[in-house]
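Asker: Fold the following for me, if possible:
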Amino acid sequence: MAAILAFAGSNSSKSINYQLVKYTTSLMDNHTIQLLNMVNYPFPMFGEDYERDNGYSNSLVELKDDMAKADGIIISVNEHNSGPSAYFKNLTDWLSRVERKFLDGKPVLLMSTSGGQRGGITALEATKTVLPRFGAEVVATFSLPSYSANFKEGEGITNAELAKTHRAAVDQFLSKL
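Answerer: Predicted structure coming up:
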């Protein structure tokens, strides 16, 4: 049984990426899942002056420690203006200051979704490029386009082909744990 930490790169209370992560973890039997809602993790904008004057918050250090304890990480990034959200970028900035390789050796399932036909793919690809700098091994990716047309809360992914692709990504991730 593996310990999996899962969260969305969004701090929105209505995050569709959080819904995708929640659904994804519901498919993982026989594993210990720690599902984080990032609404509960407000961090100030990173700045060297702020860091010097205030140090690191307990919640940031606890998040970094939870990542270190996990056997694998699931992240679904949201997209703002063709890139990862400012919240997610800020989160990685803070985590990398506490420990540069905060994802050292961790297998990662990286996902994204959006209301549009591209499914947040630009943010996913940018994040896929950056996470290895922090020690992550991105072992599988999945993008869900047109969230409203392809996902129903309580049911999950409604498009059969996308559901099959998602399941393959989940299985690939689990095989690395």
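Asker: secondary structure class for S112?
Answerer: strand (DSSP: H, G, I helix; E, B strand; the rest coil).
Asker: Quickly list what it is bridged to.
Answerer: V77, S143 (DSSP bridges).
Asker: let's have the chain start at 68 instead
Answerer: Will do, 68 is the new start, and the previous item becomes S179.
Asker: In this structure it contacts P212, no?
Answerer: No - S179 lies out of contact with P212 (C-beta atoms under 8 Å); the separation is 9.5 Å. (Glycine included, C-beta is placed from N, CA and C.)
Asker: Neighbour count: these two, which is higher?
Answerer: Taking neighbours as other C-beta atoms under 10 Å, S179 and P212 compare with S179 leading, 30 against 18.
Asker: list the contacts for the more buried one?
Answerer: Contacts for S179 (C-beta atoms under 8 Å, 6 or more residues apart in numbering) come out as 84, 143-146, 186-188, 190-191, 194, 209-211.
Asker: So it versus P109, what's the distance?
Answerer: Per C-beta to C-beta, to the nearest Å, S179 is found 22 Å from P109.
Asker: How about D116?
Answerer: 19 Å.
Asker: Name the SS class of the residue most central in space within the chain, please.
Answerer: The chain has I142 as the residue nearest its centroid, 1.5 Å off, counting by C-alpha atoms, centre = their mean. The three-state label given to I142 by three-state DSSP is strand.
Asker: Not including adjacent chain positions, what is the nearest residue to it?
Answerer: Computed as C-beta to C-beta, 6 or more residues apart in numbering, the closest residue to I142 that is not its neighbour in sequence is L177, at 5.6 Å.
Asker: likewise L158?
Answerer: Counting by C-beta to C-beta, 6+ apart, F110 is the residue found nearest to L158 once chain neighbours are left out, at 6.4 Å.
Asker: Show the pLDDT at S126.
Answerer: Residue-level confidence at S126 comes out at 95, pLDDT.
Asker: Which residue ranges of the chain form strands?
Answerer: 70-75, 99-103, 139-144, 146-147, 150-151, 174-180, 204-211, 218-219, 223-224 (DSSP state E).
Asker: Which one of those lies nearest to E129?
Answerer: Each of these has some distance to E129 by C-beta to C-beta; the shortest is strand 99-103, at 10.4 Å.
Asker: Could you list the buried residues of that closest one?
Answerer: In terms of neighbour count (16 or more other C-beta atoms under 10 Å), strand 99-103 has its buried residues at I100, L102.
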